[in-house]
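Trainee: Sequence plus predicted model, see below.
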Amino acid sequence: MDDLLARTAPLGIRPLPAMARFMLQARPATLAGVPLGIVLPPACRATEAGGRAALWLGPGAYLLRTTPADGPALAAALEQALAGQAHALVEVSDRLTALELAGEEAAAVLNAGCPLDLDLAACPVGFCARSVLGKAGILLWRTGAARFLLEIERSFTPYVHGFLAEAGREFGG
């Protein structure tokens, strides 16, 4: 997948380094006060702190991202804090990959296959949502005015990269 390192102008499409990822699900009251080292975000938002990120997936459901070295500590702390309470914590590090799309036309390129309104007013920095890009399910996170992070099922990464590169050709990519 060396072609995933390609950059297209005026867009940059690049794979992001490996991360430890966990799906966490519990009632919001159960998660209140759980020591994550990060504040859990409200609906359709993501938060970052200390090398960790939490992305809202639905009521009481989050994707947690951290460094591979921090993953075991985060999982252990969560299991200890949530012991005896109804919850689900599943490591999905090997199931997902991430691509970053950056550039002045990033939103337009995404909209070639994603139905979300990616105008900054509707989709501000910090916004995240599950959606589709072409025929692939994605978790889209706007990390900057012209920068997006896409969490993708590993097997769909070449398809999503190719889709973005093809859509970017309209803009000189």
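Mentor: Here it is on my side, so go on.
Trainee: Just the element for the most centrally placed residue in the chain, please.
Mentor: By CA atoms, centre = their mean, the mean C-alpha position of the chain lies nearest to residue 151, the distance being 4.2 Å. If you go by DSSP states H and E, residue 151 is part of strand 147-153.
Trainee: So what are the sheet partners of that strand and their directions?
Mentor: strand 96-102 (antiparallel), strand 136-144 (antiparallel) (DSSP bridges).
Trainee: list the buried ones in the longest one?
Mentor: Buried positions in strand 136-144, judged by neighbour count with 16 or more other CB atoms under 10 Å: 136, 138, 139, 140, 141, 142, 143. In this view, the C-beta of every residue, glycine as well, is placed from N, C-alpha and C.
Trainee: Closest one to residue 155 out of those residues, please.
Mentor: Nearest to residue 155, judged by CB to CB, of these is residue 136 at 9.3 Å.
Trainee: The nearest residue to the closest one once chain neighbours are set aside: what secondary structure?
Mentor: Nearest residue to residue 136, sequence neighbours excluded (CB to CB, 6 or more residues apart in numbering): residue 156, at 4.1 Å. Assigned by DSSP: H, G, I helix; E, B strand; the rest coil, the conformation of residue 156 is helix.
Trainee: and residue 156, how many neighbours?
Mentor: With neighbours defined by other CB atoms under 10 Å, the count for residue 156 comes to 19.
Trainee: ok, residue 135 touching residue 159?
Mentor: Yes - counting by CB atoms under 8 Å, residue 135 does reach residue 159; the two are 7.4 Å apart.
Trainee: The two: who's more crowded?
Mentor: Using other CB under 10 Å, the more surrounded residue of residue 135 and residue 159 is residue 159, with 15 against 10.
Trainee: what's across from the nearest residue to that one once chain neighbours are set aside in the sheet?
Mentor: Distance criterion CB to CB, 6+ apart; nearest residue to residue 159, sequence neighbours excluded, is residue 136 at 5.7 Å. Beta-bridge pairing for residue 136 (DSSP bridges): residue 133.
Trainee: Local confidence estimate at residue 11?
Mentor: Residue 11 carries a pLDDT value of 84.
Trainee: low pLDDT regions in this structure?
Mentor: Within the chain, the ranges that satisfy pLDDT under 70 run 1-10, 172-173.
Trainee: residue ranges of the strands in it, please?
Mentor: In the chain, the segments counted as strands under DSSP state E are 12-15, 20-26, 46-49, 52-58, 61-66, 87-91, 96-102, 128-133, 136-144, 147-153.
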